[in-house]
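>>> need a 3D model of the following:
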Amino acid sequence: MGEMAGALHVGGRDALTGERIDRWIVDGRFVTEKVAGAVTVVDDGWLVPGLVDAHNHVGIAPGLGVTIEQARAFAYADVAAGTTLIREVGSPVDTHPLDADPRCPQFVRAGKHIARPKRYLRDYGVDLENPDDLAAEVTRQAHAGDGWVQVVGDWIDRDVGDLAPLWTRPQLDAAVVAAHDAGAKITAHVFGYDALPDLIGAGFDCIEHGTGLTADLLDEMVRRDIALVPTMIQIENFLSIADGADRFPDYQANMRKLHAQAGGVMSAAREAGVRIFAGTDAGGFVGHGRIVDEIEALVAMGMPVRDALDAASVGARRWLGAGVFDDGDRADVLVLDADPREDLTTLRRPREILCSGIPIVTG
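Numbering: from 1, shown residues only. Below is the predicted model:
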């Protein structure tokens, strides 16, 4: 390829395979053919595709009322930690204006959460008075997002005093058909067990959190190729959530039980062959810029380091239909000084982060 003004070159070892890799960057995109005159950013690092946070809400913060500029600041914090692709699974704020900012991550969105009155966090999503309207709302949110829809599968029912499903199986069946007909995938927030058989039986594409999963349900997820985003660092908050729910002792006990069993559930999911991806659930109880914490949490529950890296990079990118290092892919890459398979902490001190080909100052 001929000389191009402003072209960059990054070279080093692929951090997941150890093989030598060289890429050139033109107009924020990777080029595999050498570009004459390109300025070399690095030639001896370990290269990781920009990290993926597969469960993130840049349009949510405690107290709500997030402006687009606040959302931009949250997105910048995620990029500074190495996240250059976010699956935003529900936000009351339309964050599409951030797509014009090359310093922001690439987004794959799910529109707003779909719930029922008093069965989710107030004003976070759409509350359906008539649950039979679920399929129609799924279609609306599929068009408002760009590839995903999120349904709240369970939440505390104050009349029951514990977690309980929000929808019937026929309503969920119709929701899946509506999402797929709209060209979207559908996922569900779910903490406990009771909602899971119908969600999985209806053919949801993903489960968020999933702390109530059992061996038979994990086998069914594998059979149906349903993914899991466990949000391990969010699960750490279950005890504080329980501590604040003295009016509902059954719910308290359930949340504490789910917290206690979470590590074993996620280990069983991995051993069963469920596809697991890294997501922080940033935006509520969890701050932004914590993707490395989530990767480390996946390793702590038994996932091999390379698999945890894949769950937050190449594997997650392929799952979400995003590029990695191929011609025309967005030029998102972390340059590390050491092999992260040997020293995972090197992810916390990247030599360079390139977001859409732009070097990001992290220190």
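>>> switch to C-alpha atoms for all contacts and neighbour counts from now on
Will do.
>>> please enumerate the strands of the stretch 51-200 of the chain.
Counting by DSSP state E, counting those that start in this stretch, the stretch 51-200 of the chain has strands at residues 51-56, 83-88, 106-109, 114-115, 126-127, 148-152, 154-157, 162-165, 185-190.
>>> alpha carbons only: can I get the third one in CSV?
Taking only C-alpha atoms (Å, rounded to 0.1, in the frame of the first residue of the first chain), the coordinates of strand 106-109 have been written out as CSV:
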residue,chain,number,x,y,z
GLN,A,106,-18.1,1.3,20.2
PHE,A,107,-21.6,0.6,21.5
VAL,A,108,-24.0,-2.3,21.0
ARG,A,109,-27.3,-1.2,22.7
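>>> centre of the chain to it, how far?
Centroid displacement of strand 106-109 relative to its chain, using Cα atoms, centre = their mean, to the nearest Å, is 10 Å.
>>> average pLDDT for that strand, rounded please.
Per-residue pLDDT over strand 106-109 has a mean of 98.
>>> do the same with the fourth one
Confidence over strand 114-115, taken as the mean pLDDT, stands at 98.
>>> and if you look at the second one?
Regarding strand 83-88, the rounded mean pLDDT is 98.
>>> same question for the first one.
When pLDDT is averaged along strand 51-56, the result is 98.
>>> on contacts alone, who are the packing partners of that strand?
Judged by 3 or more Cα pairs under 8 Å, 6 or more residues apart in numbering; DSSP states H and E, strand 51-56 is in contact with strand 83-88, helix 291-300, helix 314-319.
>>> which other residues reach the first one?
Meaning strand 83-88. 50-58, 78, 104-110, 289, 291, 317, 332, 355 (Cα atoms under 8 Å, 6 or more residues apart in numbering).
>>> try stretch 351-363
Applying Cα under 8 Å, 6+ apart, the contact partners of stretch 351-363 are 25-29, 50, 79-82, 84, 102-105, 330-337.
>>> wait, I114 touches V151, no?
Yes: applying Cα atoms under 8 Å as the test, I114 and V151 come out as touching, 4.8 Å apart.
>>> what about dumping the CA coordinates of the helix ranked longest in the chain to CSV?
In the chain, taking DSSP state H as the definition, the longest helix is helix 249-272. This file holds the C-alpha atoms of helix 249-272, laid out as CSV (Å, rounded to 0.1, in the frame of the first residue of the first chain):
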residue,chain,number,x,y,z
PRO,A,249,-36.7,-11.5,55.3
ASP,A,250,-37.3,-14.1,52.6
TYR,A,251,-35.8,-11.9,50.0
GLN,A,252,-32.9,-11.1,52.4
ALA,A,253,-32.2,-14.8,52.9
ASN,A,254,-32.5,-15.5,49.2
MET,A,255,-30.0,-12.8,48.2
ARG,A,256,-27.5,-14.0,50.8
LYS,A,257,-27.9,-17.6,49.5
LEU,A,258,-27.4,-16.5,45.9
HIS,A,259,-24.3,-14.6,46.9
ALA,A,260,-22.9,-17.6,48.7
GLN,A,261,-23.5,-20.0,45.8
ALA,A,262,-22.4,-17.6,43.0
GLY,A,263,-18.8,-18.8,42.7
GLY,A,264,-19.9,-22.5,42.5
VAL,A,265,-22.7,-21.7,40.0
MET,A,266,-20.3,-19.9,37.7
SER,A,267,-17.7,-22.6,38.0
ALA,A,268,-20.3,-25.1,37.1
ALA,A,269,-21.4,-23.0,34.1
ARG,A,270,-17.8,-22.9,32.8
GLU,A,271,-17.4,-26.7,33.3
ALA,A,272,-20.7,-27.4,31.5
